[in-house]
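Colleague: What shape does this take:
(3 chains)
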Amino acid sequence: MIELAGNLLLLIGAFFYFAGTVGLVRFPDVYTRLHALAKADNLGLGCVLAGLALQADSLAAALKLLLIWPLALAASAAVSYAIANRAQALGVRPWQGEERS
Amino acid sequence: MSLAVALFLLLNLVAALVAAARGPTPADRMLTALLFGSTGVGVLVLLAHAMALPSLVDVALTLALLAAIAGIAFARRAWHSAGQADD
Amino acid sequence: MEQTRGAGQDGGWFPYWTRRFVVFAVLWWVLAEGRFDAWWLGLVGVALATWGSMRLLPAGRHGVSLAPTLRFLAFFVWNSLRGGVQVAAMALRPRPDLAPALIEIDLSHLPPGTARVLMLNTLGLMPGTLGVRLEESRLRLHVLDARLPVVAEARELEAHIARLFGGRP
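Modeller: Predicted coordinates:
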């Protein structure tokens, strides 16, 4: 039962990673792509970690897996801000929609 | 199961790296830094489970920790130089 | 800054460092996956970590209390789930229908420094918002869809962070 729930979480995680990649390919500019990667991939990682934690041998091993999530979140948040900030400093204009620009 | 998901994430990582590297601006190419932090760590923990190599979890944890420290150090310049010399 | 010590969140009967010692000991237990065969090394590491943290971040400067922290974490986890689901749905829609925009919000209700940086970074993981530039108290955000109530959500987050830092919301 727990094994099943863990595998389900792994599949959900894979789905969010896939959605993040699709967003990276389809979204029009660096800012919108940052949204896709920072949010979808981190949710994917969270689901994968939770799924593996459910199948872990001990409570400590499960908590160790879950400890990775806040670190990855902090990394993504800081890096995505740094990239957005840099993009703006480089003069990259946000995409405003085809008909309005 | 975890091996299949790990391989799927690797495919994702390759596709995303190609898309980011092609990106029209230099800022798009910086997106690769984000990919290693999230997808790379995910692949490592899945492989740790699939191949029964628990030490790969330590590798993933260290990678996430370094990514967090590097990311914060990188972003601090933007936080603190606001209003000066940044644009 | 030092006067936040008296707020009744300081450990009471125990010296302040014991709390950190317990936190680091639990962290060691997690990192060692519950094994105790190298407990003496862990003890040295935990003692050094406690000493180092007391030197680098002396007690009292962080008057962050438990209940607002837990409420903030719950709010954050729920909204980062929403953010992921929302952006995944936008990416997978047959016709991507984005309405991106740059907006500016005012952060002068938050104390400068850590509180504003936390706000900026948390927004990057919340639905539809991404910090682009923080200048004094003005934060420029990139939003994925300007038709969504992003400013109201940012204000809600701001209230949580203000409570976290013991300020008035």
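Colleague: In the chain, where is pLDDT below threshold?
Modeller: All of this is about chain A. A:98-101 (pLDDT under 70).
Colleague: meant chain B, my bad for not saying
Modeller: In chain B, residues with pLDDT under 70: B:78-87.
Colleague: can you map out the helices along it?
Modeller: When secondary structure is read from DSSP state H, chain B shows helices at B:2-22, B:26-29, B:31-35, B:41-50, B:55-80.
Colleague: so which of those helices is the most packed in?
Modeller: Per residue and on average, the most neighbours among those fall to helix B:41-50, with a mean of 24 (mean count of other CB atoms under 10 Å in any protein chain shown). Every residue, glycine included, has its C-beta placed from N, CA and C.
Colleague: who does the longest helix along chain C touch, helix- and strand-wise?
Modeller: Assignment by DSSP H gives helix C:66-92 as the longest helix of chain C. Counting contacts by 3 or more CB pairs under 8 Å, 6 or more residues apart in numbering or on different chains; DSSP states H and E, helix C:66-92 is packed against helix A:2-26, helix A:42-54, helix C:150-164.
Colleague: Any buried residues in the last one, and which?
Modeller: It stands for helix C:150-164. Of all the residues in helix C:150-164, those buried under the rule 16 or more other CB atoms under 10 Å in any protein chain shown are C:Val150, C:Glu153, C:Ala154, C:Leu157, C:Glu158, C:Ala159, C:His160, C:Ile161, C:Ala162, C:Arg163, C:Leu164.
Colleague: Please name the residues that touch the first one.
Modeller: Shown in contact with C:Val150 (CB atoms under 8 Å, 6 or more residues apart in numbering or on different chains): C:Ile103, C:Pro127, C:Gly128, C:Thr129, C:Leu141, C:Val143.
Colleague: so the most centrally placed residue in chain C is in which element?
Modeller: To find the centre residue of chain C, average its C-alpha atoms and take the closest one (CA atoms, centre = their mean): that gives C:Leu118, at 5.5 Å. Taking DSSP states H and E as the criterion, C:Leu118 maps to helix C:114-123.
Colleague: quick one: is the helix or strand just after that helix near chain B?
Modeller: Once helix C:114-123 ends, the next helix or strand along the chain (criterion: DSSP H and E) is strand C:129-135. Yes. Part of strand C:129-135 sits near chain B under the criterion CB under 8 Å from any CB of the partner chain, namely C:Arg133, C:Leu134, C:Glu135.
Colleague: Would you mind giving these as a markdown table with distance to chain A and neighbour count added?
Modeller: Output for the residues of strand C:129-135 next to chain B, formatted as a markdown table (distance: CB to the nearest CB, whole Å; neighbours: other CB atoms under 10 Å in any protein chain shown):
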| residue | distance to chain A | neighbour count |
| --- | --- | --- |
| C:Arg133 | 6 | 22 |
| C:Leu134 | 8 | 23 |
| C:Glu135 | 11 | 13 |
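Colleague: Could you provide the residues you listed in a markdown table, with additional columns for pLDDT and distance to B:Pro54?
Modeller: Supplementary listing: the residues of strand C:129-135 next to chain B in a markdown table, determined by pLDDT from 0 to 100; distance: CB to CB, whole Å:
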| residue | pLDDT | distance to B:Pro54 |
| --- | --- | --- |
| C:Arg133 | 90 | 42 |
| C:Leu134 | 87 | 40 |
| C:Glu135 | 85 | 46 |
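Colleague: could you measure C:Gly34 against C:Trp40, distance?
Modeller: When CB to CB, to the nearest Å is applied, the distance between C:Gly34 and C:Trp40 equals 16 Å.
Colleague: For the two, indicate the residue with more neighbours.
Modeller: Per other CB atoms under 10 Å in any protein chain shown, whichever of C:Gly34 and C:Trp40 has more neighbours is C:Gly34, with 15 against 9.
Colleague: where's that one, which helix or strand?
Modeller: Secondary structure assignment for C:Gly34, by DSSP H and E: no helix or strand.
Colleague: quick one, what contacts it?
Modeller: Per CB under 8 Å, 6+ apart, neighbours of C:Gly34: A:Ser58, A:Leu59, A:Ala60, A:Ala61.
Colleague: any idea how far it is from A:Ala50?
Modeller: As defined by CB to CB, C:Gly34 lies at a distance of 19 Å from A:Ala50.
Colleague: What of A:Phe15?
Modeller: In this structure, A:Phe15 and A:Ala50 are 14 Å apart, going by CB to CB.
Colleague: now do C:Phe21
Modeller: If you measure C:Phe21 against A:Ala50 using CB to CB, the figure is 29 Å.
Colleague: Return the set of buried residues in the next helix-or-strand element following the longest helix of chain C.
Modeller: Using DSSP H and E, the helix or strand that directly follows helix C:66-92 along the chain is strand C:101-106. Residues of strand C:101-106 classed as buried under the neighbour-count rule (16+ other CB under 10 Å) are C:Ala101, C:Leu102, C:Ile105.
Colleague: Next: stretch C:37-54.
Modeller: By neighbour count, with 16+ other CB under 10 Å as the criterion, the buried positions of stretch C:37-54 are C:Gly42, C:Gly45, C:Val46, C:Ala49, C:Thr50, C:Ser53.
Colleague: So for that stretch, mean pLDDT?
Modeller: Averaged across stretch C:37-54, the pLDDT comes to 91.
Colleague: Please apply the same query to stretch C:99-116.
Modeller: Along stretch C:99-116, the predicted confidence averages to a pLDDT of 88.
Colleague: Now do the end-to-end distance for that stretch.
Modeller: End-to-end distance of stretch C:99-116: 26 Å, with CA to CA, to the nearest Å as the criterion.
Colleague: hmm, it touching chain B?
Modeller: No. Remark: stretch C:99-116 sits outside contact range of chain B, by CB under 8 Å from any CB, the gap being at least 8.5 Å.
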